[in-house]
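K.L.:
coords below, sequence missing:
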């Protein structure tokens with residue numbers, strides 16, 4: 001088929017492709033298609049395969065022309081895209097070329113057929129501007145404070161929860177079970193506000209009305225009416241600036257019986273630990289590893305954010321939509337439901353899928369641009385890893401996690417897991433090179449816990 005094409009780029013990494021099919025190919029394509037239909041179609045009064053072409057054209061007329069024209073357009077596009085070695089004008093896999101104006105052109109067997117389609121293509125990414133980029137590296141020290149906090153967390157995870165004795169009062173860090181309801185001005189229970197058997201840890205703030213301090217000192221089976229006024233700037237918009245009256249009944253009070261910090265606890269945590277000192281050494285290594293990993297993550301994210309700002313990338317709308325659809329499906333998996341059921345769950349909470357997707361748009365765009373910039377730089381700098389470098393990674397992972405190299409290799413025996421490790425190693429090599437092109441300075445001192453609170 002003889003075709004000519006004219007391509008022009010439009011906004012949001014889309015293109016407009018105008019194609020002209022020579023009139024000889026239009027006529028021959030049409031005649032071949034009509035002849036094929038005539039041989040296979042069966043009409044009353046005619047034997048199969050003996051329907052005259054003129055009868056077929058009279059009966060099906062315009063619809064026949066449109067179907068054949070659609071086939072001609074598909075054939076010409078497939079030819080053009082197969083001839084494109086660079087992939088610069090091929091449509092993205094999750095988008096289809098659409099006719100400009102959404103209308104088929106007229107079919108004239110005595111003239112060239114010209115049509116125009118619009119579709120999204122892979123965005124052009126140029127990473128040239130590194131001017132003024134400064135990456136601040138947070139200064140974080142892991143010391144005895146962090147070690148003791150981790151030991152306390154281990155104690156709590158291994159604690160035995162027991163009932164408090166009758167007559168003992170609620171105190172901070174107790175685990176309480178309460179019944180509660182909200183009351184109106186007349187002291188009547190507001191419909192839908194009653195809840196039975198609600199369990200939370202006093203001091204955690206993990207309850208609707210934030211009544212931790214108000215129930216301290218109460219005893220089992222004791223009831224109390226609490227009047228609480230909330231600040232105008234309270235994070236909970238349903239509470240901000242309001243006064244609520246809540247009736248609470250304490251149904252159970254439990255306390256965590258923490259195990260002693262000794263060799264027995266260490267052995268309970270993992271049989272590889274013989275003494276408490278063994279456990280402490282491992283915790284210190286794990287905390288340092290976690291710190292280094294998070295600092296590296298924040299550095300790379302800072303670098304990418306600045307590269308995205310200085311090197312604009314026009315994202316196709318279909319690419320953003322595909323990313324958001326992927327996030328929606330992942331969210332459904334996390335809730336162990338289907339995307340359709342998730343839609344209903346979100347609607348029941350007073351939100352909509354559309355509102356949620358709008359909230360995600362900024363993050364989705366930044367993430368996609370970062371990914372495109374990384375992929376582009378990996379190609380341009382020809383970053384690769386050798387088997388020896390992967391072996392070195394196995395040893396580093398083993399050391400950081402206090403396990404054997406064989407255990408690490410067993411984990412990465414899965415092809416996808418190993419591919420992920422290879423990609424991560426490539427990116428780390430890329431960042432090491434990029435840090436030589438930009439300014440890296442010491443950032444502010446930061447507590448270990450804040451390092452993770454400030455995580456994106």
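P.N.:
Ah, there it is. Keep in mind that what you see is a predicted model, and the values were worked out from it rather than measured. Residues are numbered from 1 along each chain as shown.
K.L.:
where do the strands sit along the stretch 351-456 of the chain?
P.N.:
Using DSSP state E, counting those that start in this stretch, the strands of the stretch 351-456 of the chain run over 439-446.
K.L.:
for it, which spans come out with low pLDDT?
P.N.:
Scanning the stretch 351-456 of the chain for pLDDT under 70 picks out 454-456.
K.L.:
Could you find the residue nearest the spatial middle of this structure?
P.N.:
residue 327 (4.6 Å; C-alpha atoms, centre = their mean).
K.L.:
Quickly find the element holding that one.
P.N.:
helix 317-334 (DSSP states H and E).
K.L.:
Quick check: mean pLDDT of that helix?
P.N.:
For helix 317-334, mean pLDDT is 92.
K.L.:
Report the buried residues of it.
P.N.:
318-320, 322-324, 327-328, 331-332 (16 or more other C-beta atoms under 10 Å). The C-beta positions use only the backbone N, C-alpha and C, and glycine is treated the same way.
K.L.:
that older thread, surely the residue nearest to the centre of the chain is in contact with residue 361?
P.N.:
No. Using C-beta atoms under 8 Å, residue 327 is not in contact with residue 361; the gap is 10.8 Å.
K.L.:
Touching both of these two, which residues are there?
P.N.:
Common neighbours of residue 327 and residue 361, counting by C-beta atoms under 8 Å, 6 or more residues apart in numbering, are absent.
K.L.:
re the thing from before, and the following helix or strand past the helix holding residue 327, what's buried?
P.N.:
As assigned by DSSP H and E, the chain's next helix or strand after helix 317-334 is helix 339-348. Buried positions in helix 339-348, judged by neighbour count with 16+ other C-beta under 10 Å: 342-343, 346.
K.L.:
rewinding a little: and of the buried residues of helix 317-334, the nearest to residue 96?
P.N.:
Closest approach between those and residue 96, by C-beta to C-beta: residue 318, at 9.2 Å.
K.L.:
I'd like the distance between that closest one and residue 93.
P.N.:
In this structure, residue 318 and residue 93 are 10 Å apart, going by C-beta to C-beta, to the nearest Å.
K.L.:
try residue 40
P.N.:
Per C-beta to C-beta, residue 40 is found 33 Å from residue 93.
K.L.:
With residue 107 instead?
P.N.:
Distance, residue 107 to residue 93, using C-beta to C-beta: 30 Å.
K.L.:
can you check residue 246 too?
P.N.:
Computed as C-beta to C-beta, the residue 246 to residue 93 distance reads 55 Å.
K.L.:
do residue 60 as well
P.N.:
Computed as C-beta to C-beta, the residue 60 to residue 93 distance reads 34 Å.
K.L.:
Could you look up the SS state of residue 116?
P.N.:
Using DSSP: H, G, I helix; E, B strand; the rest coil, the structure places residue 116 in strand.
K.L.:
Can you name the residues that contact it?
P.N.:
Going by C-beta under 8 Å, 6+ apart, residue 116 touches 16-19, 99-100.
K.L.:
for residue 285, same thing?
P.N.:
Applying C-beta under 8 Å, 6+ apart to residue 285 gives the contacts 400, 402.
K.L.:
Could you check the pLDDT of it?
P.N.:
In this model, residue 285 is scored at 91, pLDDT.
K.L.:
quick one, the helix or strand containing it and strand 439-446 angle?
P.N.:
Using DSSP H and E, residue 285 maps to helix 276-310. Per axes from the mean of the first three to the mean of the last three C-alpha atoms, to 10 degrees, the angle that helix 276-310 makes with strand 439-446 is 130 degrees.
K.L.:
Quick one: list the elements packing against the helix or strand where residue 178 lies.
P.N.:
Using DSSP H and E, residue 178 falls within strand 175-183. Counting contacts by 3 or more C-beta pairs under 8 Å, 6 or more residues apart in numbering; DSSP states H and E, strand 175-183 packs against strand 195-201, strand 243-257.
K.L.:
what's the angle between it and strand 195-201?
P.N.:
Going by the same axes, to 10 degrees, strand 175-183 makes 130 degrees with strand 195-201.
K.L.:
Only the buried residues of strand 175-183, if you could.
P.N.:
For strand 175-183, burial by neighbour count (16+ other C-beta under 10 Å) applies to 175-178, 180-183.
K.L.:
before we move on, back to that, tell me which of the buried residues of helix 317-334 is nearest to residue 239?
P.N.:
residue 331 (27.0 Å).
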